[in-house]
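Got a predicted model here, sequence first, then my questions.
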Amino acid sequence: MPKKPIKQGYKIYGIADHGYIYNWLWSSRELKLQEMVLHPDLTPTGCLVRALALSLPRRHLTIYLDNYFTSIPLFAELRACNFGAVGTTRPHNEFPHGLAELKNRFATKLEWNTLLAAVVDEVLCLAWQDNNIVLGLSNIHTVDKADDFIEKARKRPAKTSTNGRIVRKVFGDDYVKELQIPRFIDDYNHYMGGVDLANQFREALYKCLQAISTKHIK
């Protein structure tokens with residue numbers, strides 16, 4: 001990992017909530033991913049997410065992922081295993097071409113809060129115009145009901161913000177304004193980040209184990 005201060009080592013993939021790691025799997029360049037049950041319709045990364053989900057003590061939970069992990073086959077499989085899944089995504093092969101094209105920097109910008117959606121294999125594929133186009137996947141949300149949108153207080157982007165003009169005109173002269181946004185965006189913003197919080201606890205707040213380990217090494 002050339003941009004990291006320590007360039008060699010293991011990579012740890014965890015599943016967490018509120019900063020507490022329930023389970024994790026490791027990988028390395030030499031040994032690849034830790035041995036696990038493979039699924040014929042999923043990539044190794046998708047199998048990793050599935051394995052971590054199935055290690056949880058119960059089903060009918062919703063898992064939030066960033067775009068490194070998300071795919072339509074994975075979300076369809078998690079739904080079959082009785083797990084919800086929500087995440088941002090990259091414009092990969094299975095994602096509807098018409099929605100993926102909106103991510104192209106030459107594509108025509110939409111009005112702020114425009115939401116477009118399509119269903120593929122019972123997975124909702126979304127494209128939402130904020131400052132930039134946000135692509136997402138969900139197997140628990142819909143977009144055709146009044147309560148699929150939620151009102152949130154948002155701050156007006158700065159004039160220097162990239163594509164900020166798309167959102168700024170919605171605010172007029174107001175610095176803060178109550179605006180409706182898709183519920184899947186609000187849920188993602190609220191629940192995402194359990195692993196990041198665990199890293200924050202480990203690196204910044206609770207250094208006792210690291211200090212003890214270093215002392216023994218010396």
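Now that the structure is in, tell me what you want to look at. Numbers count the residues shown, from 1 in each chain.

switch to C-alpha atoms for all contacts and neighbour counts from now on
Fine.

and residue 86, what helix or strand is that in?
strand 84-88 (DSSP states H and E).

Which elements pack onto that strand?
strand 62-65, helix 72-80, strand 133-138, helix 183-191 (3 or more Cα pairs under 8 Å, 6 or more residues apart in numbering; DSSP states H and E).

now could you export just the CA positions of it as PDB?
Provided in PDB are the C-alpha atoms of strand 84-88 (Å, rounded to 0.1, in the frame of the first residue of the first chain):
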ATOM      1  CA  GLY A  84     -31.000  -5.700   5.000                       C
ATOM      2  CA  ALA A  85     -28.200  -3.800   3.200                       C
ATOM      3  CA  VAL A  86     -27.700  -0.200   2.300                       C
ATOM      4  CA  GLY A  87     -24.700   1.500   0.800                       C
ATOM      5  CA  THR A  88     -23.200   3.900  -1.700                       C
END
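
Next SSE downstream of that strand?
Scanning forward in sequence from strand 84-88 by DSSP H and E, the next helix or strand is helix 97-100.

wait, what's in contact with the residue sitting nearest the centre point of the chain?
The residue lying closest to the centre of the chain (Cα atoms, centre = their mean) is residue 66, at 2.4 Å. Taking Cα atoms under 8 Å, 6 or more residues apart in numbering, we find residue 66 in contact with 87-89.

try 6 Å this time
Neighbouring residues of residue 66 by Cα atoms under 6 Å, 6 or more residues apart in numbering: 87-88.

any idea how far it is from residue 189?
Residue 66 sits 11 Å away from residue 189, taking Cα to Cα, to the nearest Å as the criterion.

for residue 115, same thing?
17 Å.

And those two? Which one has more around it.
Ranked by neighbour count (other Cα atoms under 10 Å), residue 115 and residue 189 place residue 115 first, with 17 against 12.

bridging residues for that one?
Using DSSP bridges, the beta-bridge partners of residue 115 come out as residue 128.

next one: residue 119
residue 124.

and it, how far is that from residue 112?
22 Å.

So between those two, which is more surrounded?
Using other Cα under 10 Å as the criterion, residue 119 and residue 112 rank with residue 112 on top: 19 against 16.

And the more buried one, how close does it get to residue 131?
8 Å.

Could you give the number of residues near residue 94?
13.

got the contact list for it?
Neighbours of residue 94 in contact, by Cα under 6 Å, 6+ apart: none.

gap between it and residue 144?
For residue 94, the distance to residue 144 - Cα to Cα - is 23 Å.
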